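Asker: next come a sequence and a model predicted from it.
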Amino acid sequence: MLYKQVNQSQLQASKAGSSKEVLHAGTAVRRCPRGVRCQRMLATAAEQVLTGRAPLDHNQLVREGHYEAPLVQQQAAKRDGEQPAIASILPALQLFSSSSSPSCDALVVGCGPAGIYLAAQMAKRGLSVGLVGPDGPFVNNYGVWVDEFKELGLGHTLEREFGDALCYFHEEKEVRVGRAYGRVSRRLLRQHLLDLAKQHGVRYLPAAVEDIQLSADGKTSIVTCSGGQTLKSRLVTLASGQAAGRFLQYEQDAPTVAAQTAYGIEAEVKGYNEAYHPELMLFMDFRRHHSGLWDGAARSLRQGTHPNAGEGLWGTDDEVPSFLYAMPLGGNRVFLEETCLVAKPALQFAVLKRRLERRLAAMGVQVEQIHEEEWSYIPVGGPLPTTNQPITAFGAAANLVHPATGFSVSRSLRQAPEMAAAVAAALQKHDSVSDVAAAVWDQLWSLERRQQAAFHVFGMELLTQLDLAATNDFFNTFFALPPFYWRGFLGASLSFTQVLAFALLTFVYAPINIKAKLVMHLLADPAGTYLIKRFFAKIEAEDSSNSSAATSSSSDSSSNRSNNGAEPTAAALVTVP
């Protein structure tokens, strides 16, 4: 009952924006308000009462929505009658009985884009693959870079393409990214992925996973589902989003999880085409139009004339920045979303909703009919999964979410074939679940990728500490870099050496205030310590590899001399340290 009461009060507060907690959070400052602390305590107590288990740690609470969990759950529970049931497309998965062989070689838990595509890729490589998870539609809006999606062969799933993406970091200063952006059709993407899964023989069970245990011989995992069904597999991969963290183990030395939040509407509006470009993507509008302006006044605003001190920045040192993200969909229909890129604690949906309403009013945009509301909550950053556990993960469940942008779909789909190939190779080579999982983790989160992730976390943690003025300076610097580097950073595709070049260029291009913040962040923030540790871990690994190679070379030399009948020299007997 306590859990239900907490959910209801949270939902009412978020909708009405009138509770003490929401009013107190309306200042949207970085300090954790008293109301939020109370909500944390209630959420912890609710978790304990509901499950009978020890409460979740802070990171897992944040992954699952924290004090915005009711609206996160409401978003996930949306329905779409035009998306067919998975069970109507994929054949049923065989259940496990004590006398039968494993249900499948590989079991994927989770029916989002990452889970379905990974299952299809595994099956394509000759594995028997099971997919398990609640049978629901895709409900989130996905925005992607067109070139990335077309490289994946998914261009036909784009329902809208924009020739360029616009950003505003100051009045009268438009930044054109120079890269096409697209909106994914949820229905087309889901149908395409399910068709692939069916084509390659993936089988499906509509159920939630409650427990995963190793068999006595360590060669299979036994999975217990919500309906009492039992499955047996040689490897289990969690692709069920952030809730999968309940089954996973994580690093202990990383910064804590943050969150990207956004409140959006798809609506019929008046005045959008006069306020913004009607054919191009509005990627980021950080101008402070949500405060201090009369209705319609923002359209005629000139640089330095905002009534709230020039750029509208007076009194915003502690304010969490947010921006408008918008997709014109033709006619008067537009998808509009007020987004907080990253914050600790998460910026509340109620605050974002008020900002969106005020921003639109200031730009003279009138909402006439709302077709859909969206509450987007994306946990970002935090610790990576450890490699010494007998369960693997993929997609958001494996932290394949870019910590500094929140992007994950394209990256997960791009890495799915690699992951599937690693699973197939590991199952062929190893018998024990632990050995198979270790090999897969090493491929998914190699040492170089962990170092890259540490750099992304470093950038994310910096963004959580910047005020609006510094945020605008940072992004002006970011998009002034050569496109190869900022595109690679957004796509998480830069190598270790390229990441270092990106960091150096960012420092060179940055104004003095950002240079100072970067240096202080590296030297004094835990994220800097985390990055330095990962950097030296790579150097140590390379030294160890070189040492092993030298030892192997020395041994081979000794062996060859012995085989030729010659006595080994003293040098051949020395092991290189």
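Answerer: Looks like it arrived, so ask away. All figures in this text were calculated on a predicted structure; none of them were measured in a lab.
Asker: burial of Asp195, as a residue count?
Answerer: 12 (other CB atoms under 10 Å). (Each C-beta comes from the backbone N, C-alpha and C, glycine too.)
Asker: next: the one 4 residues further on.
Answerer: Applying the criterion other CB under 10 Å, we find 11 residues in the vicinity of Gln199.
Asker: which ones are touching it?
Answerer: With contacts defined as CB atoms under 8 Å, 6 or more residues apart in numbering, the neighbours of Gln199 are Ala120.
Asker: distance of it from Met419?
Answerer: 19 Å (CB to CB, to the nearest Å).
Asker: same check, this time on Leu127
Answerer: Distance from Leu127 to Met419, counting by CB to CB: 12 Å.
Asker: between those two, who's got more neighbours?
Answerer: Met419 (26 against 23).
Asker: in a strand, that one, correct?
Answerer: No - assignment of Met419 by DSSP: H, G, I helix; E, B strand; the rest coil gives helix, placing it outside any strand.
Asker: pretty sure it is touching Ala393, no?
Answerer: No - using CB atoms under 8 Å, Met419 is not in contact with Ala393; the gap is 10.0 Å.
Asker: between the two, which contacts overlap?
Answerer: Thr237.
Asker: ok, the nearest residue to Val146 once chain neighbours are set aside to Ala492 distance?
Answerer: Leaving aside its chain neighbours, Val146 sits nearest to Ala180 (3.9 Å; criterion: CB to CB, 6 or more residues apart in numbering). According to CB to CB, Ala180 stands 19 Å off from Ala492.
Asker: ok, the two, which is more surrounded?
Answerer: Counted by other CB under 10 Å, Ala180 and Ala492 do not tie: Ala492 has more neighbours, with 24 against 19.
Asker: torsion angles phi and psi at the more buried one?
Answerer: Main-chain torsions, Ala492, degrees, to the nearest 10: phi 50, psi 40.
Asker: if I pick it, what's in contact with it?
Answerer: His402, Phe407, Arg411, Gln452, His456 are the contacts of Ala492 under CB under 8 Å, 6+ apart.
Asker: of all those residues, which two lie farthest apart?
Answerer: Put simply, by CB to CB the two of the contacts of Ala492 set farthest apart are Phe407 and Gln452, 14.1 Å from each other.
Asker: poorly predicted segments of the chain, please.
Answerer: Residue ranges of the chain with pLDDT under 70: 1-55, 97-100, 538-577.
Asker: centroid residue for it?
Answerer: The residue lying closest to the centre of the chain (CA atoms, centre = their mean) is Val401, at 2.4 Å.
Asker: which phi and psi does that one have?
Answerer: phi -110, psi 130.
Asker: ok, the closest residue to it other than its chain neighbours to Ser376 distance?
Answerer: Nearest residue to Val401, sequence neighbours excluded (CB to CB, 6+ apart): Ser408, at 4.2 Å. Using CB to CB, Ser408 is found at 12 Å from Ser376.
Asker: just Ala87 next, same as before
Answerer: From Ala87 to Ser376 the distance is 28 Å (CB to CB).
Asker: the two: which is more packed in?
Answerer: Shown here are Ala87 and Ser376; by other CB under 10 Å, Ser376 has more neighbours (20 against 12).
Asker: hey, what's that one bridged with?
Answerer: Taking DSSP bridges as the rule, Ser376 bridges to Ala262.
Asker: let me know whether it touches Gly143 as I believe.
Answerer: No - with contacts counted by CB under 8 Å, Ser376 stays clear of Gly143, the gap being 10.6 Å.
Asker: count the neighbours of Glu357 for me.
Answerer: The number of residues packed near Glu357 is 15, by other CB under 10 Å.
Asker: next: Pro511.
Answerer: Pro511, neighbours per other CB under 10 Å, totals 12.
Asker: from Ile532, how far out is the spatially closest residue to it that is not a sequence neighbour?
Answerer: Distances taken as CB to CB, 6+ apart put Asp473 closest to Pro511, at 5.6 Å, once the chain neighbours are dropped. For Asp473, the distance to Ile532 (CB to CB) stands at 25 Å.
Asker: one more: Val433?
Answerer: For Val433 relative to Ile532 (CB to CB), the value is 34 Å.
Asker: which one of those two has more residues nearby?
Answerer: With neighbours defined as other CB under 10 Å, Val433 and Ile532 compare such that Val433 has more, 24 against 14.
Asker: now the spatially closest residue to that one that is not a sequence neighbour, what are its backbone angles?
Answerer: Once flanking residues are discounted, Val433 sits nearest to Pro390: 4.6 Å by CB to CB, 6+ apart. Phi and psi for Pro390, reported as degrees, to the nearest 10, are phi -80, psi 10.
Asker: quick one, helices of the stretch 201-350 of the chain?
Answerer: 272-275, 349-362 (DSSP state H, counting those that start in this stretch).
Asker: most packed of the ones you listed?
Answerer: Highest mean neighbour count of these: helix 349-362, a mean of 22 (counted as mean count of other CB atoms under 10 Å).
Asker: so which elements touch it?
Answerer: Under the contact criterion of 3 or more CB pairs under 8 Å, 6 or more residues apart in numbering; DSSP states H and E, helix 349-362 touches helix 2-16, helix 20-25, strand 257-270, strand 333-343, strand 366-381.
Asker: put the alpha carbons of that helix into CSV.
Answerer: The C-alpha coordinates for helix 349-362 follow below in CSV (Å, rounded to 0.1, in the frame of the first residue of the first chain):
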residue,chain,number,x,y,z
PHE,A,349,9.3,16.9,-15.5
ALA,A,350,7.0,19.5,-13.9
VAL,A,351,9.8,22.1,-14.3
LEU,A,352,10.4,21.1,-17.9
LYS,A,353,6.7,21.3,-18.7
ARG,A,354,6.4,24.9,-17.3
ARG,A,355,9.6,25.9,-19.2
LEU,A,356,8.2,24.5,-22.4
GLU,A,357,4.9,26.3,-22.0
ARG,A,358,6.6,29.7,-21.2
ARG,A,359,9.2,29.3,-24.0
LEU,A,360,6.5,28.6,-26.6
ALA,A,361,4.4,31.6,-25.3
ALA,A,362,7.4,33.9,-25.5
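Asker: and the angle from it to strand 333-343?
Answerer: 130 degrees (axes from the mean of the first three to the mean of the last three CA atoms, to 10 degrees).
Asker: please compute how far helix 349-362 lies from its chain's middle.
Answerer: For helix 349-362, the distance from its own C-alpha centre to the chain's C-alpha centre is 24 Å (CA atoms, centre = their mean, to the nearest Å).
Asker: repeat for stretch 477-495
Answerer: 18 Å.
Asker: repeat that for stretch 228-246.
Answerer: 19 Å.
Asker: and it, what's buried?
Answerer: For stretch 228-246, a neighbour-count test (16 or more other CB atoms under 10 Å) marks 229, 231-245 as buried.
Asker: same check on stretch 160-168?
Answerer: In terms of neighbour count (16+ other CB under 10 Å), stretch 160-168 has its buried residues at Arg160, Phe162, Ala165, Leu166, Cys167, Tyr168.
Asker: which residues touch that stretch?
Answerer: Outside stretch 160-168, the residues that touch it by CB under 8 Å, 6+ apart are 146, 174-183, 276-277, 279-287, 327, 329-330, 475, 479.
Asker: can we see that at 6 Å?
Answerer: Applying CB atoms under 6 Å, 6 or more residues apart in numbering, the contact partners of stretch 160-168 are 146, 174-177, 180-183, 280-285, 287.
Asker: gap between the residue nearest to Ser221 when sequence neighbours are not counted and Lys353?
Answerer: Counting by CB to CB, 6+ apart, Ser221 lies nearest to Val236, which is 4.7 Å off, once chain neighbours are set aside. Remark: distance between Val236 and Lys353 (CB to CB) = 39 Å.
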